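> Got a predicted model here, sequence first, then my questions.
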Amino acid sequence: MIIRNVIIVAALLAATSASAQRPSDKFPLIIGHRGASGYLPDHTIEAYELAVVQGADFIEPDFVASKDGYLFARHEHELSRTTNVAEVFPEKKTKKMLDGKFVEGWFSEDLTHDEFKKLRARQPFPFRDQSHNDMYEIPTLAEVLGARASLSRAHKRRIGVIPELKHADYFRAMNFAVEGWMVQIMEAWALDRAGSPLITQSFDKTSVAKLNEMMPNIQAIQLLDDKADVSDAALAGIKKYADGIGAPKELIVPVKTGQAGKPTDLIARAHKAGLAVYPYTFRPEKQFLPASYGGDPAKEYCLFASLKADGIFTDTPDLALKAFLKSCPMPG
Ligand code: G3P
Ligand code: CA
């Protein structure tokens, strides 16, 4: 706890000026993807706090379900990649059939709330800082929303939240009403009302449609993978049950052997269809950033701002803010 406070206080002090100066509304929203996950283990309160300190407009938690009906912030329901579950609960290792294949591991739906609270988060990418491993708890949806409210007060700006339900079809098949659970908690926090700083998202079409129906005042985003049909007809189909798309960056700026190519017209066509566009995921490391940007992530942020993306999912909100404040021309 002491270490956590030292980190957060230090970060808060370091970022005071960044938080004070905001880019023009013409720039895309800065979405802290899994928190400031370029620096701290994903999906922890500490990572969400740092994202806001670094200038994020929204925090992005992914959720999986526990055995007793809690939504916990994790990218996968197999927990061994991002937590110390193997050491804490070795006996819970099991084999499950997932998408037609046997997968061995530790699964969220086999742990209760109290068991989840014994876990600590780990940085999944080996080339990122591992020094915060096994320090931070895994938060529930209610805890993330509590942090969002506190951060909004502390920073005197309204921080948004864009939760994603993971494995929704898998949990629905287990009779876990994950969309209903999410909506109930949003209602308890009064985030279901028109103008609330909430956007929902999922790769699962049924989930997006359900959330849009249950919270008609809230923007619902259909996430797309890199093979998605993005024809005008497909976009018109999405518009029937969603308000926007979350698209892999490569559908907007194709990349071949490290070279970012000529932008497609996807953003313009989606806007014409009445859909907002949120590209993912902006990461500065050489493993992710196309070589043609010459190691300068600002070039990529500026390009997507000029293409009029509505928001960008980034692991490093500080670099997005710096680009929008210091490097990019004002989008037209
Ligand atoms: O939700 C946008 C983006 O996060 C989708 O990819 O796998 O990081 O959740 P993923
Ligand atoms: Ca996500």
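It's in. Ligands and ions are numbered 1, 2, ... in the order given.
> Could I get the full set of helices for the stretch 201-332 of the chain?
The residue ranges that make up the helices of the stretch 201-332 of the chain, judged by DSSP state H, counting those that start in this stretch, are 205-214, 232-239, 266-272, 297-306, 317-322.
> Ok, which of the ones you listed comes nearest ligand 2?
Among these, helix 205-214 comes nearest to ligand 2, with 12.7 Å by CB to the ion. Placement of C-beta: from N, CA and C, glycine included.
> Near the residue in the stretch 101-250 of the chain that ligand 2 sits nearest to, how many other residues are there?
Closest approach between the stretch 101-250 of the chain and ligand 2, counting by CB to the ion: residue 164, at 4.1 Å. When neighbours are defined as other CB atoms under 10 Å, residue 164 has 22 of them.
> pretty sure it contacts residue 199?
No. Assessed by CB atoms under 8 Å, residue 164 is found out of contact with residue 199, at 9.8 Å.
> Contacts only, for residue 59.
For residue 59, the contacting residues are 31-32, 35, 48, 51-52, 144, 148, 159-162, by CB atoms under 8 Å, 6 or more residues apart in numbering.
> do that again at 6 Å, thanks
The contact partners of residue 59, by CB atoms under 6 Å, 6 or more residues apart in numbering, come to 32, 48, 51, 161.
> What of residue 66?
Contacts of residue 66 (CB under 6 Å, 6+ apart): 72, 108, 111, 113, 116.
> Give me the buried subset of these.
72, 108, 111, 116 (16 or more other CB atoms under 10 Å).
> could you redo the residues you listed as TSV and give each row pLDDT and distance to residue 102?
Shown next, in TSV, are these (pLDDT from 0 to 100; distance: CB to CB, whole Å):
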residue	pLDDT	distance to residue 102
72	98	24
108	98	18
111	98	20
116	98	24
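> Return only those of those residues found close to ligand 2.
Residues of the buried ones among the contacts of residue 66 in contact with ligand 2 (CB under 5 Å from the ion): none.
> sorry, back to before: restricted to helices, list the contacts of residue 66.
Among these, DSSP state H puts 113, 116 in helices.
> tell me which of the contacts of residue 59 is nearest to ligand 1?
Of all the contacts of residue 59, ligand 1 sits closest to residue 32, with 10.8 Å by CB to the nearest ligand atom.
> Identify the residue nearest that closest one in space, chain neighbours excluded?
The shortest distance from residue 32 to any non-neighbouring residue, by CB to CB, 6 or more residues apart in numbering, is to residue 51 (2.7 Å).
> show me the contacts for the one you found.
Here residue 51 is in contact with 32, 35-36, 59, 317 (criterion: CB under 6 Å, 6+ apart).
> give me phi/psi at residue 218?
Backbone torsions of residue 218, given as degrees, to the nearest 10, read phi -110, psi 140.
> Quick check: it vs residue 321, distance?
Distance, residue 218 to residue 321, by CB to CB, to the nearest Å: 25 Å.
> quick one: which of those two has more around it?
Remark: of residue 218 and residue 321, residue 321 carries more neighbours, 24 against 21, as counted by other CB under 10 Å.
> Restricted to helices, list the contacts of residue 59.
Under the assignment DSSP H, the contacts of residue 59 contribute 48, 51 to helices.
> Mark which of the contacts of residue 59 are buried, thanks.
The neighbour count (16+ other CB under 10 Å) marks 32, 48, 51, 161 as buried among those.
> What I need now is the residues you listed written out in JSON lines, including pLDDT for each item.
Output for these, formatted as JSON lines (pLDDT from 0 to 100):
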{"residue": "32", "pLDDT": "98"}
{"residue": "48", "pLDDT": "98"}
{"residue": "51", "pLDDT": "98"}
{"residue": "161", "pLDDT": "98"}
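> ok, which pair from the residues you listed is furthest apart?
Distance extremes for the buried ones among the contacts of residue 59: the farthest pair is 51 and 161 at 11.0 Å, using CB to CB.
> Find the nearest non-adjacent residue to residue 299, please.
residue 293 (4.3 Å).
> Hmm, that neighbour is touching residue 301, no?
No. Using CB atoms under 6 Å, residue 293 makes no contact with residue 301, being 9.7 Å away.
> Give me the more crowded residue out of those two.
Using other CB under 10 Å, the more surrounded residue of residue 293 and residue 301 is residue 301, with 27 against 18.
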